[in-house]
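Engineer: With the sequence up front, the predicted model follows.
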Amino acid sequence: MSDKRHTIIADNNPLPLQKAVQSLLREVERLKERTTDRFEESPSGSLLTISQPLLPLDPLDWLNRQHLFPKLYWMNREKSFSVAGIGTADCIEQNTPGTNASSFAELTRTIATKDPDARYFGAFRFNNMEEQSEPWHSFSSYAFVLPLVGITFEQERYVLFCNLWLEPGEAPDIKIRSICDALENMSTTQSDCDSDRNIPALVRISRNPDVQSWTRQCERALRTFEAGDMDKIMLARQTILEFSESFSPLLFLINYPYPKNSTYRFYFEPKKNHAFFSFTPERLYRRDGVTLQTEALAGTSLKENLTGDDNLASEVLLNSEKDIREHKFVKDSIYGELFPVCSEIQMDEQVHVLQLNRLAHLYTRCSATLKPEFSNDSTLLTRLHPTPAVGGVPRDEALRHILDIEPFNRGWYAGPAGWISSNAAEFCVGIRSGVVVEAMTFLYSGAGLVKGSDPVSEWDEIEQKIGDLLTTANGDT
Ligand SMILES: C=C(O[C@H]1C=CC=C(C(=O)O)[C@@H]1O)C(=O)O
Ligand SMILES: [Mg+2]
């Protein structure tokens, strides 16, 4: 954050948290002495970020001890960038049903008016045409938040920051007051007892659909392939966990026992004990100006029968005709969608294998250069979401079948989740996810069905995809 245009660095030396808070508070107090006209005026608002380098600390532990909402957390797959944030400096949110394309266009239009350095964190619904019931009531069609206060980890450095966002013509006093309140009320102690970090006892677990209904639902999908109407449909399952009491949903992240796993971490808690989180291996895309990185990720082998051996999992996967076919639908669709909007596309000829803790996936990387007129997130989101890894082929028909067949709303499951600024963005696909509502947690994961898929194997595949989350919930790590 240090080299950005509207950034004040309080003190260049990294400080322990408590001192860092004091240092930020001093800078914020100093702002009160500035007259309004000394804040950068812009027709669409202005942003001032004040930051203070920090000595290393655990941002999840910090986040868990705070009392200001929303709370959010993002970590990229490479684990080289993370942000933990609390409160709202600015928020772009919408909560009316409509097409996904109109949501994407609206967010992109709004973000274009914001400070180019401001990263807004949030997610979209999988399908905004679908009416949502519980457990999704706290989650809008989309919500993207510029945090009021937070901790960034970037280039191996920790930074405490606060954001002062002013609407055009807005006097700074009230916003400065809310930053001071957030800093003064921030908990700066380390969590000293482990009991704060334990997920309560799991008292009940159920699956929706159950195995019999799942088999019937898969057979419905398989019939559409036989009839020649469809090539692929991704169907998901919900696993419902009931705990002995409500708890901080962040404990799923804190207790996740596989730090090396190549997954993004996305977390959004709009109100206390109501949160959506995802441990997804799948990148939707990363855009920096006209430069795009995306990928096809679909096709799975389970390691449990292969005694966890990576090489064996790769070999099985690379020789599975069904998985190669399942993967190819995704690869071809991404290429076809990008072709009209890119001046150059480089897609791996050879399919790779991404190794996870319990699974391996087929994986094809793709980098591309966008034509300048298409170099925006509305174009990319509309073209890439949902890929056939989470939707199907053909796309619109697959979405109709999903609405018809699945016995629950997808909400934010399998939607684009990540961050966006006016000139760059990174979105993962919010799979392997859960939504926590007080003492209940609903986990979501699915499998891409193609001709020849076996419902029981697909059931087992999904069980493995949420296996790490189930282990976390059981506390037997
Ligand atoms: C839809 C999910 O996974 C997708 C991503 C990778 C592999 C997949 C598969 O092999 O079926 C799925 O397409 C999910 O975990 O909810
Ligand atoms: Mg599969």
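Structural biologist: Done, it's in. Ligands and ions are numbered 1, 2, ... in the order given.
Engineer: ok, the residue of the stretch 201-350 of the chain found nearest ligand 2 - contacts?
Structural biologist: Closest approach between the stretch 201-350 of the chain and ligand 2, counting by Cβ to the ion: Thr300, at 4.3 Å. Any C-beta I mention is one placed from the backbone N, CA and C, and that applies to glycine too. Contacts of Thr300 were listed using Cβ atoms under 8 Å, 6 or more residues apart in numbering, and they are 317, 323, 359-362, 447, 461, 464-465.
Engineer: Among the residues you listed, which ones are in strands?
Structural biologist: Cross-referencing the contacts of Thr300 against strands under DSSP state E gives 359-362, 447.
Engineer: Just name the closest of these to Ser421, please.
Structural biologist: Ser421 lies nearest to His361 out of the ones in strands among the contacts of Thr300, by Cβ to Cβ, at 28.9 Å.
Engineer: Test my guess that Glu68 contacts Gly87.
Structural biologist: Wrong residue type there; residue 68 is Leu, not Glu. Yes: the pair formed by Leu68 and Gly87 meets the contact definition of Cβ atoms under 8 Å, at 4.6 Å.
Engineer: what touches both of these two?
Structural biologist: Shared contacts of Leu68 and Gly87, defined by Cβ under 8 Å, 6+ apart, comprise 148-149, 182.
Engineer: So which of those residues belong to strands?
Structural biologist: Among the shared contacts of Leu68 and Gly87, the members falling in strands (DSSP E) are 148-149.
Engineer: what's the closest of the shared contacts of Leu68 and Gly87 to Arg197?
Structural biologist: Sorting the shared contacts of Leu68 and Gly87 by how near they are to Arg197, with Cβ to Cβ, puts Val149 at the top with 22.3 Å.
Engineer: Spit out the contact partners of the closest one.
Structural biologist: 68, 85-87, 160-163, 179, 182-183, 186.
Engineer: Let me have the residues you listed in a markdown table, extended by neighbour count, secondary structure and pLDDT.
Structural biologist: As requested, the contacts of Val149 are arranged in a markdown table below (neighbours: other Cβ atoms under 10 Å; DSSP: H, G, I helix; E, B strand; the rest coil; pLDDT from 0 to 100):
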| residue | neighbour count | secondary structure | pLDDT |
| --- | --- | --- | --- |
| Leu68 | 18 | coil | 98 |
| Gly85 | 28 | strand | 98 |
| Ile86 | 22 | strand | 98 |
| Gly87 | 22 | strand | 98 |
| Leu160 | 26 | strand | 98 |
| Phe161 | 24 | strand | 98 |
| Cys162 | 27 | strand | 97 |
| Asn163 | 25 | strand | 97 |
| Ile179 | 23 | helix | 97 |
| Ala182 | 23 | helix | 98 |
| Leu183 | 20 | helix | 98 |
| Met186 | 20 | coil | 97 |
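Engineer: Looking at Thr35 now. What's its pLDDT?
Structural biologist: With respect to pLDDT, Thr35 has a value of 60.
Engineer: which parts of the stretch 251-400 of the chain sit against ligand 2?
Structural biologist: Of all the residues in the stretch 251-400 of the chain, those in contact range of ligand 2 (Cβ under 5 Å from the ion) are Thr300.
Engineer: Taking the stretch 101-250 of the chain, what residue is nearest to ligand 1?
Structural biologist: Ligand 1 sits closest to Met234 of the stretch 101-250 of the chain, with a gap of 5.2 Å, by Cβ to the nearest ligand atom.
Engineer: my read is that residue is in a strand, agree?
Structural biologist: Yes: when the secondary structure is assigned by DSSP: H, G, I helix; E, B strand; the rest coil, Met234 falls within a strand.
Engineer: Surely it and Ser445 touch.
Structural biologist: No: in this structure, Met234 is not within contact of Ser445 by Cβ under 8 Å, at 10.3 Å.
Engineer: higher neighbour count, these two?
Structural biologist: The neighbour count for Met234 versus Ser445, taken as other Cβ atoms under 10 Å, is higher for Met234 (27 against 23).
Engineer: where do the strands sit along the stretch 101-250 of the chain?
Structural biologist: When assigned using DSSP state E, counting those that start in this stretch, the strands of the stretch 101-250 of the chain occupy the ranges 120-124, 142-154, 157-166, 202-208, 232-243.
Engineer: most packed of those strands?
Structural biologist: Most buried of the strands of the stretch 101-250 of the chain, by mean neighbour count (mean count of other Cβ atoms under 10 Å): strand 120-124, with a mean of 25.
Engineer: Not counting its own residues, what contacts that one?
Structural biologist: Here strand 120-124 makes contact (Cβ under 8 Å, 6+ apart) with 72, 74, 83, 85, 90-93, 100, 103-104, 107, 111, 114, 139, 141-147, 266, 268, 276, 381, 385, 412, 415-421, 430.
Engineer: again, 7 Å this time
Structural biologist: 72, 74, 83, 85, 92, 103, 111, 142-146, 268, 276, 412, 415-417, 419-421, 430 (Cβ atoms under 7 Å, 6 or more residues apart in numbering).
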